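Visitor: Got a sequence here, can you build the structure:
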Amino acid sequence: MPNKQYRVDRLAQQIQREVDDILLKRVRDPRVQGITITGVDVTGDLQQATIYYSILSDKASVAEKTQAGLEKATGLIRSELGARLNIFKTPEISFKRDPSVAYGSRIDQLINKLHQQDK
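Guide: Numbering: from 1, shown residues only. Predicted coordinates:
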């Protein structure tokens, strides 16, 4: 089954590139400006895709506004993906904030705190 996994991974990469391009060029909502698509998980049957994103702000209000903006733009993004991808059925898409960026920031803060305590 390596061919099937290869196809899923290739589709995930293509969705990541296309969604990034769509967000830059087609979506005019100011709530989704400045986000970075960090990864895409596609199910094995290619029916659903979870798109992970990160934002620069740590504020909860900004995160909520960004999520609302992405949910509102989901229809446009999915229809654009349907036109750009060469597959039979466009996957249902959902957006989730990537927790690894916040985790990395927290680790960085802890390391800086340890360095300050050593001095």
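
Visitor: Against which helices or strands is the helix or strand encompassing Thr50 packed?
Guide: Counting by DSSP states H and E, the element that carries Thr50 is strand 48-54. Under the contact criterion of 3 or more CB pairs under 8 Å, 6 or more residues apart in numbering; DSSP states H and E, strand 48-54 touches helix 2-25, strand 36-42, strand 92-97. Bear in mind the C-beta positions are built from the backbone N, C-alpha and C, glycine included.

Visitor: Give me the angle between that strand and strand 36-42.
Guide: For strand 48-54 against strand 36-42, the angle by axes from the mean of the first three to the mean of the last three CA atoms, to 10 degrees is 160 degrees.

Visitor: hmm, who's touching strand 48-54?
Guide: 12, 15-16, 19, 35-43, 66, 70, 91-98, 101 (CB atoms under 8 Å, 6 or more residues apart in numbering).

Visitor: ok, of those, which come out buried?
Guide: By the neighbour-count criterion of 16 or more other CB atoms under 10 Å, those include these buried positions: 12, 15-16, 19, 35, 37, 40, 42, 66, 70, 91, 93, 95, 97-98, 101.

Visitor: out of these, who's nearest Gln117?
Guide: Closest approach to Gln117 among those (CB to CB): Val101, at 25.2 Å.

Visitor: ok, that closest one touching Thr38?
Guide: Yes. Between Val101 and Thr38 there is a contact under CB atoms under 8 Å: 7.2 Å.

Visitor: need the next SSE after the strand holding Thr50, C-terminal direction.
Guide: Counting by DSSP H and E, the element after strand 48-54 in chain order, helix or strand, is helix 60-84.

Visitor: quick one: buried residues of that following helix?
Guide: In terms of neighbour count (16+ other CB under 10 Å), helix 60-84 has its buried residues at 65-67, 69-70, 73, 77-78, 80-81.

Visitor: pLDDT and distance to Leu56 for those residues - can I get that in JSON lines?
Guide: JSON lines is the format used below for the buried residues of helix 60-84 (pLDDT from 0 to 100; distance: CB to CB, whole Å):
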{"residue": "Lys65", "pLDDT": "93", "distance to Leu56": "13"}
{"residue": "Thr66", "pLDDT": "92", "distance to Leu56": "10"}
{"residue": "Gln67", "pLDDT": "93", "distance to Leu56": "15"}
{"residue": "Gly69", "pLDDT": "94", "distance to Leu56": "15"}
{"residue": "Leu70", "pLDDT": "94", "distance to Leu56": "15"}
{"residue": "Ala73", "pLDDT": "94", "distance to Leu56": "19"}
{"residue": "Ile77", "pLDDT": "94", "distance to Leu56": "21"}
{"residue": "Arg78", "pLDDT": "94", "distance to Leu56": "26"}
{"residue": "Glu80", "pLDDT": "93", "distance to Leu56": "25"}
{"residue": "Leu81", "pLDDT": "94", "distance to Leu56": "25"}
